[in-house]
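A.B. asks: Got a sequence here, can you model it:
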Amino acid sequence: MQRYNEFGPWLKNLLGMKVQKISINAGFTCPNRDGSVGVGGCTYCNNQTFNPEYCRTEKSVAQQLEEGKRFFARKYPEMKYMAYFQAYTNTYSELDDLKRKYEDALGVDGVVGLVIGTRPDCVPDNLLDYLAELNRQVCVIVEYGIESVYDKTLERINRGHDYACVVDAVNRTSERGLITGGHVILGLPGESRDDILKCADVLSELPLTTLKLHQLQLIKGTRMAEEYFANPEGFHLFGADEYVDLVIDYVERLRPDIVLERFVSQSPSSLLAIPGWGLKNFEFVEKVRHRMEERNAYQGRLYLGNNK
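C.D. replies: Numbers count the residues shown, from 1 in each chain. The predicted model follows:
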């Protein structure tokens, strides 16, 4: 029995081939960093935690992709690739600049699509119209940092937008036929376990195609890490086994057709302050699968839409 909707098989079926994402740092910033809507960025954020070594802004988009291809080609010589614009807000620029960077990526041999990570307050209609046109030729996935459905949490972590902004952006993106993804963080300060699980109910009402779950990790040098060490009582950091059961409870409440790309993040140990589980992503996934079997759990079992 397939317990949840897995991203890898879904993407392979969509494209008719196996593909690998290659991360890119295209030199963008964020509006809550540069003063447009705030300063300092999200309180939990250090983009170094998910930037591979080859992602350096002094290198062009094409150079970064070629280096990434060389890394994977040793093991998978026939692999095709998705260019993953990952660091910061990858739609936060003028349209002509964005077009140039996206099209530079698509000009690299073996690149069959784009994954664009961004914020819901940085997607004007003219950009979405362009991406919809591009999507007729190649696969385009737009991923939004949602993080939480609660405005009080979004304000606390300095996102610089509210949840209504998320709803608007996701709807406008999906309406254009674009694959629309979201990221959420489970365990943000001020949110109870019940709050977290209700988040699954709320997100299931959005026309999301894919979803990534991240456990709260406190990264050295971030404002949130400083907040924790000043007042640890204001946080609940999940242990690995506790988080496994939280993830399963969350997934059971999700709409059954949402494709789940990840359950956890894995930050470099040199940057991670706390918690350190000592588990690689694939090891955590195996724990989730085993526990779902034990519980006879499956995605959508408690989805509220089942009762409509």
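A.B. asks: what about the stretch 1-150 of the chain, any weak spots by pLDDT?
C.D. replies: Within the stretch 1-150 of the chain, the set of residues satisfying pLDDT under 70 comprises 47-57.
A.B. asks: Was I right to think residue 273 contacts residue 225?
C.D. replies: Yes: between residue 273 and residue 225 there is a contact at 4.8 Å, judged by C-beta atoms under 8 Å. In short, each C-beta sits where N, CA and C put it, glycine included.
A.B. asks: Now list whatever residues contact both of those two.
C.D. replies: Common neighbours of residue 273 and residue 225, using C-beta atoms under 8 Å, 6 or more residues apart in numbering, are 218, 219.
A.B. asks: All the helices of this protein, residue numbers only.
C.D. replies: Using DSSP state H, the helices of the chain run over residues 7-15, 61-73, 95-106, 125-134, 151-156, 163-175, 193-203, 223-230, 240-253, 281-295.
A.B. asks: nearest to residue 23, of these?
C.D. replies: Comparison of the helices of the chain against residue 23 by C-beta to C-beta identifies helix 61-73 as nearest, at 7.2 Å.
A.B. asks: From the chain's centroid, how far away is the closest one?
C.D. replies: Chain-centre distance of helix 61-73: 21 Å, with C-alpha atoms, centre = their mean, to the nearest Å.
A.B. asks: then it to CSV, C-alphas only?
C.D. replies: Extracted in CSV, the C-alpha atoms of helix 61-73 (Å, rounded to 0.1, in the frame of the first residue of the first chain):
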residue,chain,number,x,y,z
VAL,A,61,23.9,30.5,-13.6
ALA,A,62,25.3,28.3,-16.4
GLN,A,63,28.6,27.8,-14.6
GLN,A,64,26.8,26.7,-11.4
LEU,A,65,24.7,24.2,-13.4
GLU,A,66,27.7,22.8,-15.3
GLU,A,67,29.5,22.2,-11.9
GLY,A,68,26.4,20.6,-10.5
LYS,A,69,26.0,18.4,-13.6
ARG,A,70,29.7,17.2,-13.3
PHE,A,71,29.0,16.2,-9.7
PHE,A,72,26.0,14.0,-10.6
ALA,A,73,27.2,12.8,-14.0
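A.B. asks: can you list contacts of it?
C.D. replies: With C-beta under 8 Å, 6+ apart, helix 61-73 has contacts from 20, 22-26, 52, 54-56, 59, 79, 81, 83, 101, 104-105, 107-108, 110-111.
A.B. asks: what is the most centrally placed residue in the chain paired to in the beta sheet?
C.D. replies: Geometric centre of the chain, nearest residue: residue 183, 3.8 Å, by C-alpha atoms, centre = their mean. On the basis of DSSP bridges, residue 183 takes part in beta bridges with residue 145, residue 212.
A.B. asks: still on that earlier bit, between the helices of the chain, which one is closest to residue 306.
C.D. replies: Closest to residue 306 of these, according to C-beta to C-beta: helix 240-253, at 10.2 Å.
A.B. asks: quick one: contacts of the closest one?
C.D. replies: Applying C-beta under 8 Å, 6+ apart, the contact partners of helix 240-253 are 4, 186-187, 193, 196-197, 199-201, 204, 213, 215, 238, 260, 263-264, 277, 279, 284, 287-288, 291-292, 295, 297-304.
A.B. asks: so how far is residue 159 from the residue nearest to the centre of the chain?
C.D. replies: Using C-beta to C-beta, to the nearest Å, we find residue 183 at a distance of 12 Å from residue 159.
A.B. asks: intersection of neighbour lists for those two?
C.D. replies: By C-beta under 8 Å, 6+ apart, residue 183 and residue 159 have these common neighbours: 145, 147.
A.B. asks: Of the contacts of helix 61-73, select the buried ones using a PyMOL command.
C.D. replies: Of those, the buried ones can be selected in PyMOL as follows, counting by 16 or more other C-beta atoms under 10 Å:
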select buried, resi 20+22+23+24+25+26+54+55+59+81+83+101+104+105+108+110+111
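A.B. asks: From the contacts of helix 61-73, which land in strands?
C.D. replies: Under the assignment DSSP state E, these contribute 20, 22, 23, 24, 81, 83, 111 to strands.
A.B. asks: possible to save the residues you listed as CSV with distance to residue 135?
C.D. replies: Output for the ones in strands among the contacts of helix 61-73, formatted as CSV (distance: C-beta to C-beta, whole Å):
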residue, distance to residue 135
20, 20
22, 19
23, 21
24, 19
81, 17
83, 14
111, 15
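A.B. asks: In the stretch 201-308 of the chain, where is pLDDT below threshold?
C.D. replies: Per-residue confidence for the stretch 201-308 of the chain (pLDDT under 70) gives these ranges: 308.
A.B. asks: Please repeat the previous calculation with a cut-off of 80.
C.D. replies: 307-308 (pLDDT under 80).
A.B. asks: Now do residue 207 against residue 7, distance only.
C.D. replies: Distance from residue 207 to residue 7, by C-beta to C-beta: 17 Å.
A.B. asks: now swap in residue 123 and tell me
C.D. replies: Remark: distance between residue 123 and residue 7 (C-beta to C-beta) = 22 Å.
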